[in-house]
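Participant: What follows is a predicted protein model with its sequence.
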Amino acid sequence: MRYKLTSFAFILIAMSFTGIFQGCGPAEPSPLGTVEIQQYEGQDLSSASDFRENSIKGPQHVDPADYHLRVDGLVEKPASYAYNEVLDNFASFNKVVRLRCVEGWSVDILWQGVRVGDLLAKARVQPEAKVIIFHAYDGYTTSLPIEYIVDNDILMAYSMNGVTLPPERGYPFELVAESKWGYKWIKWITRIEVSDNTSYRGYWESLGFSNDGDVAKPSTGE
Ligand SMILES: Nc1nc2c(c(=O)[nH]1)N[C@H]1C(S)=C(S)[C@@H](COP(=O)(O)O)O[C@H]1N2
Ligand SMILES: [Mo]
């Protein structure tokens, strides 16, 4: 009797190793991640194709194999993360946020990303720091106050409407600068520089667009 039980258990273990059980019962469907979500909590969403592509140097194609995100400047612990290290080490959040371009179009997107504030906390920001200067693969830059970023749980998105950001939409990361004009939504982020330089002006800001970038105010003039 004991012999029978042991051999039965042995057969069960062997079956699970050989994968015989895989055929039993319906398998959980695996998300393919290529179909965009169109509605979220009752709200209609725009699509990744509703953006007008007008980046300063056109879409950038970032190879995740040699991509690194640096967090440096006025911090105690500068860091450099591979793409997966960002996703693995920081919690993810969802937010539906409208991007408005100064050209007059806008899109409502379900963003998924990590909080820039969490990256900053890990790097330990020095007390004299005031702003974050974001740098991108195409040479584009923009800056925002640290307080705005931390107080508003500003995300650095890796996904829109449930789909990994396509190259033209900023893969690997785009800043979800809610309540700020589109030019603050930097795509293809490569570096988060912590600074005390409040007179820094990013690409469009140095050409006359408001440094505040608040959508409630005109985009030109401070
Ligand atoms: N790196 C980078 N990020 C950028 C830009 C750019 O030229 N380079 N353009 C900005 C502008 S003006 C807008 S409106 C938003 C959305 O632009 P898109 O429609 O070209 O994605 O991206 C912003 N982020
Ligand atoms: Mo824009």
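Facilitator: Looks like it came in fine. Ligands and ions are numbered 1, 2, ... in the order given.

Participant: Quick check: bridge partners of residue 112?
Facilitator: With DSSP bridges applied, the residues forming beta bridges to residue 112 are residue 94, residue 159.

Participant: What's the local residue count around it?
Facilitator: By other CB atoms under 10 Å, 21 other residues sit near residue 112. Placement of C-beta: from N, CA and C, glycine included.

Participant: what sits against it?
Facilitator: Contact analysis of residue 112 by CB atoms under 8 Å, 6 or more residues apart in numbering lists 92-94, 155, 157-160, 162.

Participant: List buried members of those by neighbour count.
Facilitator: Listed as buried from the contacts of residue 112 are 155, 157-160, 162; burial here means 16 or more other CB atoms under 10 Å.

Participant: ok, now which ones touch residue 149?
Facilitator: Under the contact definition (CB under 8 Å, 6+ apart), the residues listed for residue 149 are 116-117, 120, 132.

Participant: picking that back up, farthest pair in the contacts of residue 112?
Facilitator: For these, the maximum inter-member distance is 14.8 Å, found between 155 and 162 (CB to CB).

Participant: continuing past the least confident helix or strand in the chain by mean pLDDT, what's the next helix or strand?
Facilitator: For the chain, counting by mean pLDDT, DSSP states H and E, helix 2-18 ranks last in confidence among helices and strands (a mean of 46). The first helix or strand that comes after helix 2-18 along the chain, using DSSP states H and E, is strand 39-40.

Participant: Distance from that following strand to the middle of the chain?
Facilitator: Here strand 39-40 shows a centroid-to-chain-centroid distance of 19 Å under the convention CA atoms, centre = their mean, to the nearest Å.
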